[in-house]
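**Student:** Provide a 3D model corresponding to the input given below.
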Amino acid sequence: MSEKILNKKTLELLPDTVTVPAYDRSEVTTGIVHLGIGAFHRAHQAWYTEQVLERGARDWGIVAASLRSPTVRDQLAPQDHLYSLVEKSNAGEEVRVIGCVREVLVAPENPRALLDAMTAEEIRIVSLTITEKGYCHDPASGELNFDHPDIRHDLANPHSPRSALGFIVYALQRRKERGLPGFTLLSCDNLPANGKLLERVVFALASRVDPQLAEWMHGNTRCPSTMIDRIVPATTDADRDRLEGILGVRDNAAVMAEPFSQWVIQDSFLRGHPDWGSVGATFVEDVEAYELIKLRLLNGCHSMLAYSGYLAGFETIADVMAEPAFAALARQFLANEASDSVAAPAEFDLEEYQRQLLERFSNRALRHRTWQIAMDGSQKIPQRWLGTLRHQLQSGGSIDLLTFALACWIRYVSAVDDAGNAIEVSDPLARQLKSICDSCGDNTYELATAFLQFAPVFGDDLQHSQRLHSALTAWLASLKEQGVLPALQTRLEESLA
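**Tutor:** Below is the predicted model of the structure:
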């Protein structure tokens with residue numbers, strides 16, 4: 001292992017094949033506070049912002065914050081907040097060093113420091129990648145959950161909040177008190193109408209804190225919706241070791257990503273935004289059509305492949321796609337049930353989009369683990385599958401593959417795969433879901449009934465669909481008797497007969 005790490009002193013040692021910041025980082029001032037500096041933000045929004053700085057902008061640097069762990073701060077701080085973005089494809093790799101992050105704060109260590117950063121006059125955007133769980137809402141209703149422990153804590157501790165919502169509300173309260181304007185709240189999480197959701201939960205919390213603050217916020221905040229898309233797998237030690245061989249220095253904060261990236265943004269900002277449109281982002285009046293296509297096709301198919309593939313013993317999505325039955329599953333789901341439920345904008349080529357998805361899922365260089373994609377299913381399924389399912393039920397369309405996916409998820413949260421191995425289920429409702437599985441035992445009819453009646457995921461309506469119940473029961477029985485891959489192969493053979 002090299003004794004040297006990536007930082008501003010070692011930039012000049014990097015090989016010519018690596019792209020490094022060509023601007024003077026000391027001239028950059030902060031315009032954005034980002035909450036949730038995980039790998040996705042560094043591979044997506046920060047990557048777009050980096051390109052804007054390369055084009056001459058100097059007032060859109062990023063101060064980022066972790067709301068939980070110091071890990072990313074501890075990786076980036078010794079590296080002068082530089083990190084590598086490695087774009088991986090079947091054709092090879094391209095490496096770029098990103099320099100737009102100016103500082104990383106760790107909220108639990110010093111919540112006041114984050115509130116101070118968000119209160120600074122020059123901050124015009126607060127962006128978020130906090131995952132579905134971070135919105136402290138009921139996924140079925142979309143309303144703020146005031147019984148969430150973080151929300152209860154934040155209401156009692158305005159100077160040391162825990163949740164992203166608490167930091168936003170109390171920072172806006174301080175700005176109001178100091179006569180400063182507010183800021184744009186930019187959700188970059190995989191949620192339908194993410195801006196509307198963020199606005200709803202933030203205003204709900206603000207109204208509880210101070211109704212006058214909520215009234216002031218109507219003229220001093222904007223919450224545009226966005227659609228974000230880039231596959232960003234977790235970085236492994238093997239990735240870091242291989243990158244060290246390329247760079248000649250160690251980068252402990254490197255992120256991996258596919259070459260493809262997409263960002264569609266509702267053009268509704270309070271005090272301007274970086275010129276992301278000049279570097280590939282798309283500004284539109286309404287994001288809904290784009291986000292539904294992404295959620296129902298890409299995310300819906302991704303989750304379907306993750307649960308079914310994991311149960312069948314496959315580690316990565318590319319491994320899953322190498323099995324002909326799963327590749328056929330993806331093609332059929334995208335072309336039929338998923339596409340039937342969306343209306344593409346006139347300029348959008350839906351067939352080409354499907355072709356791109358199948359190619360992206362087959363990227364062997366991008367080891368996107370099925371277990372990683374399967375995390376937090378109870379929070380993701382309402383957005384990724386259930387909207388499509390409701391559309392298909394209402395229109396009389398096919399629900400065969402959707403119910404296959406649901407059956408696989410139910411098998412997954414039972415915490416045992418097809419080979420009898422234990423599954424480490426990472427989900428905020430894991431205990432409740434496992435309890436349902438245990439209480440129903442081998443009775444697939446009762447299992448389908450119990451899950452469809454589980455309102456935190458399925459709401460109150462789907463339990464009344466006999467067609468859905470019958471299809472789900474049938475798939476649960478097939479999976480139990482045959483296992484995922486044989487059951488899928490049988491169904492595909494029957495469909496071709």
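**Student:** Burial check on N145, number of neighbours?
**Tutor:** Each residue near N145 was counted by other Cβ atoms under 10 Å, and the total is 18. Backbone N, C-alpha and C define where each C-beta goes, glycine included.
**Student:** Wait, it touches P139, no?
**Tutor:** No - N145 is not in contact with P139 according to Cβ atoms under 8 Å; the separation is 9.6 Å.
**Student:** can you list residues touching both of these two?
**Tutor:** Residues touching both N145 and P139 by Cβ atoms under 8 Å, 6 or more residues apart in numbering: none at all.
**Student:** Okay, and the beta partners of V104?
**Tutor:** When bridges are assigned using DSSP bridges, the partners listed for V104 are A64.
**Student:** That one: how many residues sit nearby?
**Tutor:** By other Cβ under 10 Å, neighbour count at V104 equals 21.
**Student:** And it, what's its pLDDT?
**Tutor:** Per-residue confidence (pLDDT) for V104: 98.
**Student:** ok, now A346?
**Tutor:** Here, the pLDDT recorded for A346 equals 87.
**Student:** just P274 next, same as before
**Tutor:** The predicted local confidence for P274 comes out at a pLDDT of 98.
**Student:** what's the burial count for it?
**Tutor:** Around P274 sit 23 other residues, with neighbours defined as other Cβ under 10 Å.
**Student:** do the same with G280
**Tutor:** For G280, the number of neighbouring residues by other Cβ under 10 Å comes to 12.
**Student:** pLDDT score assigned to it?
**Tutor:** Predicted confidence (pLDDT) for G280: 96.
**Student:** before we move on, what about the one 4 residues further on?
**Tutor:** Per-residue confidence for V284 comes out at a pLDDT of 94.
**Student:** next one: L366
**Tutor:** At L366, the predicted lDDT confidence score is 87.
**Student:** okay, now it: neighbour count?
**Tutor:** Other residues near L366 number 22, with proximity taken as other Cβ under 10 Å.
**Student:** what residues are up against it?
**Tutor:** So, once contact is read as Cβ under 8 Å, 6+ apart, L366 ends up touching 88-89, 231, 233, 256-258, 318.
**Student:** so where is the chain shaky, pLDDT-wise?
**Tutor:** Low-confidence regions of the chain, defined here as pLDDT under 70, cover residues 1-2, 496-497.
**Student:** Now do the strands in it.
**Tutor:** Under the criterion DSSP state E, the chain contains strands at 30-35, 61-66, 83-89, 92-98, 101-106, 125-128, 183-187, 221-222, 226-229, 255-257, 262-266, 282-284.
**Student:** For the ones you listed, give me TSV that also has distance to G300.
**Tutor:** Written out in TSV, the entries for the strands of the chain read as follows (distance: least, Cβ to Cβ, whole Å):
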stretch	distance to G300
strand 30-35	27
strand 61-66	29
strand 83-89	23
strand 92-98	29
strand 101-106	32
strand 125-128	23
strand 183-187	20
strand 221-222	29
strand 226-229	13
strand 255-257	21
strand 262-266	16
strand 282-284	21
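**Student:** Out of the ones you listed, which is closest to A365?
**Tutor:** Comparing these by their distance to A365 (Cβ to Cβ), the top pick is strand 83-89, with 4.0 Å.
**Student:** Show me what the closest one packs onto, helices and strands only.
**Tutor:** Secondary-structure packing of strand 83-89 (3 or more Cβ pairs under 8 Å, 6 or more residues apart in numbering; DSSP states H and E): helix 39-43, strand 92-98, helix 237-247, strand 255-257.
**Student:** Compare the ones you listed and give me the one nearest F404.
**Tutor:** Ranking the helices and strands packed on strand 83-89 by proximity to F404 (Cβ to Cβ) places helix 39-43 first, at 28.0 Å.
**Student:** Can you name the residues in contact with the closest one?
**Tutor:** Helix 39-43 is touched from outside by 34, 64, 83, 85, 98, 101, 127, 129, 188, 228, 230, 232, 234-235, 253, 255-257, with contacts defined as Cβ under 8 Å, 6+ apart.
**Student:** before we move on, what about stretch 487-497?
**Tutor:** Outside of stretch 487-497, the residues that reach it under the criterion Cβ under 8 Å, 6+ apart are 308, 325-326, 328-329, 400, 404, 475, 478-479, 481-482.
**Student:** one more time with 7 Å, if that's ok
**Tutor:** Stretch 487-497 has contacts (Cβ atoms under 7 Å, 6 or more residues apart in numbering) with 308, 325, 328-329, 478-479, 482.
**Student:** What of stretch 19-28?
**Tutor:** With Cβ under 7 Å, 6+ apart as the contact definition, stretch 19-28 has outside contacts at 11, 14, 53-54, 58, 61, 96-97, 99, 102.
**Student:** Would you mind telling me which of the strands of the chain is nearest Q392?
**Tutor:** Each of those was scored for nearness to Q392 using Cβ to Cβ, and the closest is strand 226-229 (22.0 Å).
**Student:** which helices and strands does the closest one pack with?
**Tutor:** strand 262-266 (3 or more Cβ pairs under 7 Å, 6 or more residues apart in numbering; DSSP states H and E).
**Student:** List the pairing partners of the strand it packs on within its sheet, with orientation.
**Tutor:** When pairing is defined by DSSP bridges, strand 262-266 lines up against strand 226-229 (antiparallel), strand 282-284 (parallel).
**Student:** any idea which of those strands is most buried?
**Tutor:** Scoring the strands paired with strand 262-266 by mean neighbour count under mean count of other Cβ atoms under 10 Å gives strand 226-229 as the most buried, with a mean of 22.
**Student:** gap between that strand and the chain center?
**Tutor:** The chain centroid and the centroid of strand 226-229 are separated by 9 Å under Cα atoms, centre = their mean, to the nearest Å.
**Student:** For it, which outside residues touch it?
**Tutor:** Around strand 226-229, the neighbours that count as contacts under Cβ under 7 Å, 6+ apart are 44, 186-188, 194-195, 261-266, 287, 290-291, 294, 298.
**Student:** What of stretch 458-478?
**Tutor:** Defining contact as Cβ under 7 Å, 6+ apart, one finds that stretch 458-478 is touched by 140, 386, 393, 399-400, 403-404, 406-407, 410, 444-445, 447-449, 452-453, 487.
**Student:** Out of the contacts of stretch 19-28, which two sit at the greatest distance?
**Tutor:** L14 and R58 (23.2 Å).
**Student:** Would you mind telling me which of the two has more residues around it?
**Tutor:** Looking at L14 and R58 with other Cβ under 10 Å, you find the greater number of neighbours at L14, namely 18 against 14.
**Student:** Quickly note the distance from the more buried one to P259.
**Tutor:** The gap separating L14 from P259 is 20 Å, by Cβ to Cβ, to the nearest Å.
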